[in-house]
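Participant: Sequence unavailable; structure follows:
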Ligand code: 8YV
């Protein structure tokens, strides 16, 4: 029996190969051999559209390494009979932890405190500003899915009051519901974005939402960078129309607007919500489980379409 060919993003190859190369032939997803693949494991940022699918005539499965699958045109895949899988649940706790860490970091000035100690400022008696309390805040969560709910649970333990927005009020959720982001932003002190990427969320958070959040407001984003109008955010931070931001995701990664780099009220991370040894291992295991299930004709563990 011939071994199925799996096209794997080069950056993931060293970690995925030991899990799968005993039963599959692995090729570089961006190389000429990818044409023969039945399954594709794309890289985080690379777009998989109809043209990419058409260039791989035997493609049956796109196994996304991530919960967000905005980089894949799922409609185009479905139309071609190609199945799509993602890696939900296994990264929920880590992304939620990072959202809370960013929030605490912004209010308490943890990153600026670290920089002060490292440059010898503490030892030299340099004055440093007081931070602000993180506990007890009114927090709005835009995108109350699995990750949003895990963030809410953590923040409730910090005596925060949670509100949320979304297309629909959710059954069995007691938090205050706001049908739109402007209303949510005006009701809270901290706005946490856990929105998926794609056209439906493009620049949902612009000048109007930031204005509603107000001069004491803090924006946290652990979802997708496209949901924020970045020039509007930079202007609001520069002009003190919001107080601070904690950002793990950006509109054009890995580019970060230069002006943010000089702002102490901003904490920046390189899109690493799921980047722990434990979670990245579990994500790869799930990618492999989906490929193996597809090849064996079993039900896919985490199908998208
Ligand atoms: C991934 C993410 O690590 O799961 C997601 O949607 O944003 C991250 O956890 C990233 O997509 C790289 O694979």
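Facilitator: In hand now; what should we look at? Everything quoted here is computed from the prediction, not taken from an experiment. Numbering: from 1, shown residues only.
Participant: what about the closest residue to the ligand within the stretch 151-300 of the chain, which SS state?
Facilitator: Here the stretch 151-300 of the chain gets closest to the ligand at one residue, residue 274, 3.1 Å apart by C-beta to the nearest ligand atom. Placement of C-beta: from N, CA and C, glycine included. Recorded secondary structure, residue 274: coil (DSSP: H, G, I helix; E, B strand; the rest coil).
Participant: Now do the same contact list for the residue nearest to it when sequence neighbours are not counted.
Facilitator: Among residues not flanking residue 274 along the chain, residue 91 sits closest, at 3.9 Å (C-beta to C-beta, 6 or more residues apart in numbering). Residues in contact with residue 91 (C-beta atoms under 8 Å, 6 or more residues apart in numbering) are 66-67, 147, 273-274, 279, 282-283.
Participant: Point out the residues in the stretch 201-305 of the chain that sit beside the ligand.
Facilitator: Counting by C-beta under 6 Å from any ligand atom, the residues of the stretch 201-305 of the chain close to the ligand are 273-274.
Participant: can you pull out the helices in the stretch 201-305 of the chain?
Facilitator: 207-213, 230-238, 258-261, 277-296 (DSSP state H, counting those that start in this stretch).
Participant: Touching the third one from outside, list them.
Facilitator: What that stands for is helix 258-261. 234, 237-238, 245, 247, 266, 268.
Participant: repeat for the first one
Facilitator: Applying C-beta under 8 Å, 6+ apart, the contact partners of helix 207-213 are 181-183, 185-186, 188, 191, 217, 219, 229, 232-233, 235-236, 241-242.
Participant: Narrow those to those in strands?
Facilitator: 191, 219 (DSSP state E).
Participant: Now the two most distant members of the contacts of helix 207-213.
Facilitator: Using C-beta to C-beta, the contacts of helix 207-213 span at most 22.2 Å, a distance reached by 183 and 235.
Participant: got a list of what residue 230 touches?
Facilitator: 250-251, 257.
Participant: Output those as CSV; include the columns pLDDT, distance to residue 12 and neighbour count.
Facilitator: Shown next, in CSV, are the contacts of residue 230 (pLDDT from 0 to 100; distance: C-beta to C-beta, whole Å; neighbours: other C-beta atoms under 10 Å):
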residue, pLDDT, distance to residue 12, neighbour count
250, 98, 21, 21
251, 97, 23, 19
257, 98, 28, 17
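Participant: the helices in the stretch 51-200 of the chain, which residues?
Facilitator: Counting by DSSP H, counting those that start in this stretch, the helices of the stretch 51-200 of the chain are 74-79, 92-108, 110-118, 146-156, 181-187.
Participant: okay, those helices in a markdown table with mean neighbour count and distance to residue 173 next?
Facilitator: Shown next, in a markdown table, are these (neighbours: other C-beta atoms under 10 Å; distance: least, C-beta to C-beta, whole Å):
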| stretch | mean neighbour count | distance to residue 173 |
| --- | --- | --- |
| helix 74-79 | 15 | 26 |
| helix 92-108 | 22 | 16 |
| helix 110-118 | 14 | 30 |
| helix 146-156 | 20 | 8 |
| helix 181-187 | 20 | 14 |
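Participant: closest to the ligand out of the ones you listed?
Facilitator: helix 92-108 (6.7 Å).
Participant: Is there proximity between that closest one and the ligand?
Facilitator: No. Helix 92-108 stays clear of the ligand (C-beta under 6 Å from any ligand atom), getting no nearer than 6.7 Å.
Participant: And the pLDDT for the residue nearest to residue 274?
Facilitator: For residue 91, the model assigns a pLDDT of 98.
Participant: what about stretch 236-254, distance to the chain center?
Facilitator: 15 Å (C-alpha atoms, centre = their mean, to the nearest Å).
Participant: what about that stretch, how long is it end to end?
Facilitator: With C-alpha to C-alpha, to the nearest Å as the measure, stretch 236-254 spans 22 Å from end to end.
Participant: Check stretch 117-133 too.
Facilitator: First-to-last distance for stretch 117-133 - C-alpha to C-alpha - comes to 21 Å.
Participant: If you count neighbours, what's buried in that stretch?
Facilitator: Buried positions in stretch 117-133, judged by neighbour count with 16 or more other C-beta atoms under 10 Å: none.
Participant: In terms of residue numbering, what are the domains of the chain?
Facilitator: For the chain, automatic domain parsing gives the domain ranges 5-88+276-296, 92-268.
Participant: possible to save the ones you listed as TSV with distance to residue 305?
Facilitator: As requested, the domains of the chain are arranged in TSV below (distance: least, C-beta to C-beta, whole Å):
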stretch	distance to residue 305
domain 5-88+276-296	5
domain 92-268	14
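Participant: coming back round to it: give me the distance between the residue nearest to residue 274 and residue 272.
Facilitator: 11 Å (C-beta to C-beta, to the nearest Å).
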